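**Student:** Have a look at this prediction, sequence included:
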Amino acid sequence: MKTPTNDHSDVKMSCRNVWKVYGAQPNQFFEDGQGDVADPSNLADTVRDAGHIVANADVSFDVHTGEIFVIMGLSGSGKSTIVRCLSRLVEPTAGEILLDGEDLLKKTDAELIDIRRHKMGMVFQSFGLMPHLNVIDNIAFPLKLQGVGEAERYEQAKRVIELVGLEGRENNFPKELSGGQQQRVGIARSLAVEPDVWLLDEPFSALDPLIRKQMQDEFLRIQSKLHKSIVFITHDFQEALRIADRMAIMRDGAVVQIGRPVDLILNPADDYVREFTQDVPWESILRAEDIMEDGAKQVADMERVSEGTLVEALLSKLSQGENGVIVEASDGSILGTATARGLVTALAGCGCVETPVQEG
């Protein structure tokens, strides 16, 4: 996958043509650490034929300021490796990792430590709490590493304790907390340093389904207040649908498709992506803007709906007449018309419903 051209001024972090190869001589396949190659799939085959393992192959994406960018795929797809490459917990074999336009792969060890301490927050599936420290000391610990004074670091720890809903638990030790509460401590600890970029690798996968949903809700609530730039790893498409602004699906170390969740549902790149999306409850995902038609007929008495109205709220309206409803933007301007025909067309395009075969 070639590096996309990018005219956005709000890009916080970029992953450009990143490769991670394990083996005896992984660098032999790249010239001066350049991952932008003419034929990535052919190179990946060459690397494997040489007895090396391709964990990431020519991975490229941008993370915009304030967005939740979800990376998902099956086990072994390379998603956890790439998030560790972003922080250089795993050293990429080739490519570029840019944070605010600066290549992290060119940073010294001292510079990288400073970036991790001040600009990155990381949360992993294992909570990694220190059992001998209570909640507030666990949360304040990274601030202590930064050299923040005692009064200031405990004041900041108290702020994030309130943010994640752990008031009253400040003096509890990890063994006295439930799994969900321990995860909240891990989240609070990563937020205490007020990171620019937040990296989360399957943070909720070890939790029971009900607690997991509650943590997703809590995560979205926190993001609505803080507007962090987030890379979130998951293997659960339903979880991705709940939280993602945009998402990338990976297979065999490479990115297969990038887009909004609804883009992947309506226009899956291949059968692999289609398998992820086929059981999605489309009526709770698709919105009026996704099924509208620009040139559809409009009459004076047609009802108007906002572009973000869920299709499940439109079904009764669409069934009442062939004209459908007018879709308007937040400023009241007309964007198009949502009709039953537009809905069926969208669903047929993504394989969500089967179109009848005409006999003749």
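**Tutor:** Right, received. Where do you want to start?

**Student:** And the helix or strand bottoming out on mean pLDDT in the chain, what does it pack against?
**Tutor:** When the helices and strands of the chain are compared on mean pLDDT, DSSP states H and E, helix 340-350 comes out lowest with a mean of 77. Counting contacts by 3 or more Cβ pairs under 8 Å, 6 or more residues apart in numbering; DSSP states H and E, helix 340-350 is packed against helix 261-266, helix 288-291, strand 292-293, helix 315-319. Yep, even glycine has a C-beta here, placed from its N, CA and C like the rest.

**Student:** Would you mind saying which of the ones you listed lies nearest Asp252?
**Tutor:** Each of the helices and strands packed on helix 340-350 was scored for nearness to Asp252 using Cβ to Cβ, and the closest is helix 261-266 (17.9 Å).

**Student:** Can you name the residues in contact with the closest one?
**Tutor:** If you take Cβ atoms under 8 Å, 6 or more residues apart in numbering as the criterion, helix 261-266 is touched by 240-241, 244, 247, 249, 257, 273, 276-277, 280, 282, 285-287, 290, 346, 349-350, 352.

**Student:** again, 6 Å this time
**Tutor:** Leu241, Ala244, Met247, Gln257, Val273, Thr277, Val280, Asp290, Ala346, Gly349, Cys350 (Cβ atoms under 6 Å, 6 or more residues apart in numbering).

**Student:** Report the two of those residues separated the most.
**Tutor:** Farthest apart among the contacts of helix 261-266 by Cβ to Cβ are Ala244 and Gly349. That separation is 20.6 Å.

**Student:** These two: who's more crowded?
**Tutor:** When Ala244 and Gly349 are compared on other Cβ atoms under 10 Å, the one with more neighbours turns out to be Ala244, at 23 against 14.

**Student:** what residues are up against that one?
**Tutor:** The contact partners of Ala244, taken as Cβ under 6 Å, 6+ apart, are Ile68, Val70, Pro261.

**Student:** need these in JSON lines with pLDDT, can you?
**Tutor:** Putting the contacts of Ala244 into JSON lines (pLDDT from 0 to 100) gives the following:
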{"residue": "Ile68", "pLDDT": "97"}
{"residue": "Val70", "pLDDT": "97"}
{"residue": "Pro261", "pLDDT": "89"}
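
**Student:** shaky segments in this protein?
**Tutor:** Within the chain, the ranges that satisfy pLDDT under 70 run 1-9, 295-300, 321, 349-360.

**Student:** Could you chop it up by domain?
**Tutor:** Domains of the chain are assigned by automatic domain parsing as 11-119+195-277, 283-350.

**Student:** winner for burial among these?
**Tutor:** Across these, averaging neighbours per residue (mean count of other Cβ atoms under 10 Å) puts domain 11-119+195-277 on top, at a mean of 18.

**Student:** got TSV for the contacts of helix 261-266, with distance to Phe219 too?
**Tutor:** TSV is the format used below for these (distance: Cβ to Cβ, whole Å):
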residue	distance to Phe219
Leu241	14
Ala244	12
Met247	15
Gln257	24
Val273	24
Thr277	22
Val280	20
Asp290	25
Ala346	29
Gly349	31
Cys350	27
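
**Student:** Just name the closest of these to Asp62, please.
**Tutor:** Nearest member of the contacts of helix 261-266 to Asp62, counting by Cβ to Cβ, is Met247, at 12.9 Å.

**Student:** That closest one touches Phe237, doesn't it?
**Tutor:** No. At 9.0 Å, Met247 does not count as touching Phe237 under the criterion of Cβ atoms under 6 Å.

**Student:** which residues in the protein form helices?
**Tutor:** Here the chain has its helices, by DSSP state H, at 40-49, 79-87, 109-118, 135-146, 150-163, 179-192, 209-226, 237-243, 261-266, 271-277, 288-291, 315-319, 340-350.

**Student:** Can you check which of these gets nearest to Arg169?
**Tutor:** Of all the helices of the chain, helix 135-146 sits nearest to Arg169, with 5.2 Å by Cβ to Cβ.

**Student:** Keeping just the C-alphas, turn the closest one into PDB.
**Tutor:** Below are the C-alpha coordinates for helix 135-146, written out as PDB (Å, rounded to 0.1, in the frame of the first residue of the first chain):
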ATOM      1  CA  VAL A 135      -4.400   3.900  43.400                       C
ATOM      2  CA  ILE A 136      -3.300   7.500  43.700                       C
ATOM      3  CA  ASP A 137       0.400   6.500  43.900                       C
ATOM      4  CA  ASN A 138       0.100   4.200  40.800                       C
ATOM      5  CA  ILE A 139      -1.400   7.200  38.900                       C
ATOM      6  CA  ALA A 140       1.100   9.700  40.100                       C
ATOM      7  CA  PHE A 141       4.100   7.500  39.400                       C
ATOM      8  CA  PRO A 142       4.700   8.600  35.800                       C
ATOM      9  CA  LEU A 143       4.600  12.200  37.000                       C
ATOM     10  CA  LYS A 144       7.200  11.300  39.500                       C
ATOM     11  CA  LEU A 145       9.400  10.000  36.700                       C
ATOM     12  CA  GLN A 146       9.000  13.400  35.000                       C
END
